[in-house]
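>>> Any chance you can model this:
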Amino acid sequence: MEHINNTLQPNTWIEQYADMLFSFALNRTSNVVIAKDLVQDTFLSALKNLSTFKGEVSEKNWLFTILKNKIIDYYRSNARTLSSDINELVEESNSFFDEEENWQPQFRPQQWEIDYTQEIETKEFYEILEMCKQKLTELQSAVFTMKYLDDFDADEICKELGISSSNYWVLIHRAKLQLRHCLEKNWIQN
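Numbering: from 1, shown residues only. Coordinates of the predicted model:
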C-alpha cells in the first residue's frame with residue numbers, strides 16, 4: 001500500500017479553513033465568541049505542534065481533529081460549573097408534565113403534518129433548529145451536540161463531561177422535549 005505524505009501550509013490556514021472551523025465550532029457551542037476562541041486555539045495549538053504532524057491525514061482533517069479536542073476540553077472544563085443546570089432543568093422541566101407525569105395540554109406533542117416525500121426547506125429548518133438549540137442550557141446543548149452531531153455514545157459523554165448516567169438521560173430527554181416544542185412553535189405551525 002502506498003503511503004501518502006501530506007504536508008502542512010500554515011500560511012494558508014486562515015484563508016482555507018477558518019470559516020469551516022468556525023462554522024463547526026459554532027454549531028457545537030452556539031456561542032460566537034467561544035467558537036472564535038476555539039478556532040484561534042486550534043491554530044495556535046497546530047502551530048506549536050507542527051513537528052508532530054506525520055502526514056498520514058490531510059491538513060484539514062488534522063486541524064478538525066485538533067478543534068474537536070478543543071471543543072471536548074471546553075465541555076469538560078465547563079462541566080463542573082454547568083452541573084447546577086441539571087437541578088434547574090429537573091425543576092423547570094416539570095412544567096411539561098402534571099403531578100401524575102402526564103403531559104400538560106399545551107406541551108403535548110403534536111402530530112407533524114409533514115409530507116416526508118417532499119424536500120424540506122433545509123436552510124429555513126436549520127436556522128430555526130439553531131435558534132431553538134440556543135435556547136437550551138449550555139450543558140443540554142453540549143450533551144445534545146455530542147450525541148447527535150458528533151456521534152458520541154452515552155458512556156463517552158458521561159465520562160467527558162463528568163456527569164452520571166441518570167443526569168445524562170435527564171439532559172438528553174429534556175433537550176429533545178424543548179427542541180420539539182420550539183420546532184412545533186416556530187417551524188411546524190408556520
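
>>> contacts and neighbour counts: CA atoms only from here.
OK.

>>> got the phi/psi numbers for Glu56?
phi -80, psi -20 (degrees, to the nearest 10).

>>> how does the protein divide into domains?
Under the assignment automatic domain parsing, the domains of the chain span 10-80, 83-188.

>>> Serialize those to TSV and add fields for mean neighbour count and mean pLDDT.
Shown next, in TSV, are the domains of the chain (neighbours: other CA atoms under 10 Å; pLDDT from 0 to 100):
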stretch	mean neighbour count	mean pLDDT
domain 10-80	16	90
domain 83-188	15	75
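
>>> Lys135: what secondary structure?
When classified by DSSP: H, G, I helix; E, B strand; the rest coil, Lys135 comes out as coil.

>>> so how far is Phe125 from it?
Using CA to CA, to the nearest Å, Lys135 is found at 16 Å from Phe125.

>>> and the residue nearest the centre of the chain, what is it in contact with?
Closest residue to the average C-alpha location of the chain: Thr145 at 2.6 Å, with CA atoms, centre = their mean. By CA atoms under 8 Å, 6 or more residues apart in numbering, the residues touching Thr145 are Arg28.

>>> which residues sit against stretch 6-25?
With contact meaning CA under 8 Å, 6+ apart, stretch 6-25 is reached by 35-36, 38-39, 43, 47, 50, 54-60, 64, 67, 71.

>>> and Val184, how far is that from Phe144?
Check again: residue 184 is Glu, not Val. To Phe144, Glu184 is 18 Å away according to CA to CA.

>>> Then Glu156?
According to CA to CA, Glu156 stands 13 Å off from Phe144.

>>> now swap in Lys133 and tell me
Taken as CA to CA, the span from Lys133 to Phe144 is 9 Å.

>>> and what of Ile14?
Distance, Ile14 to Phe144, by CA to CA: 29 Å.

>>> cool, Ala18 as well?
Using CA to CA, Ala18 is found at 24 Å from Phe144.

>>> so of the contacts of stretch 6-25, which ones are in helices?
Taking DSSP state H as the definition of helices, the contacts of stretch 6-25 contribute Ala35, Lys36, Leu38, Val39, Phe43, Leu47, Glu59, Lys60, Phe64, Leu67, Ile71.

>>> what ranges do the helices span in this structure?
13-29, 32-48, 59-82, 84-93, 122-133, 138-148, 154-161, 165-183.

>>> Put together JSON lines for those, with distance to Asn6 on each row.
Shown next, in JSON lines, are the helices of the chain (distance: least, CA to CA, whole Å):
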{"stretch": "helix 13-29", "distance to Asn6": "14"}
{"stretch": "helix 32-48", "distance to Asn6": "15"}
{"stretch": "helix 59-82", "distance to Asn6": "7"}
{"stretch": "helix 84-93", "distance to Asn6": "44"}
{"stretch": "helix 122-133", "distance to Asn6": "34"}
{"stretch": "helix 138-148", "distance to Asn6": "29"}
{"stretch": "helix 154-161", "distance to Asn6": "30"}
{"stretch": "helix 165-183", "distance to Asn6": "39"}
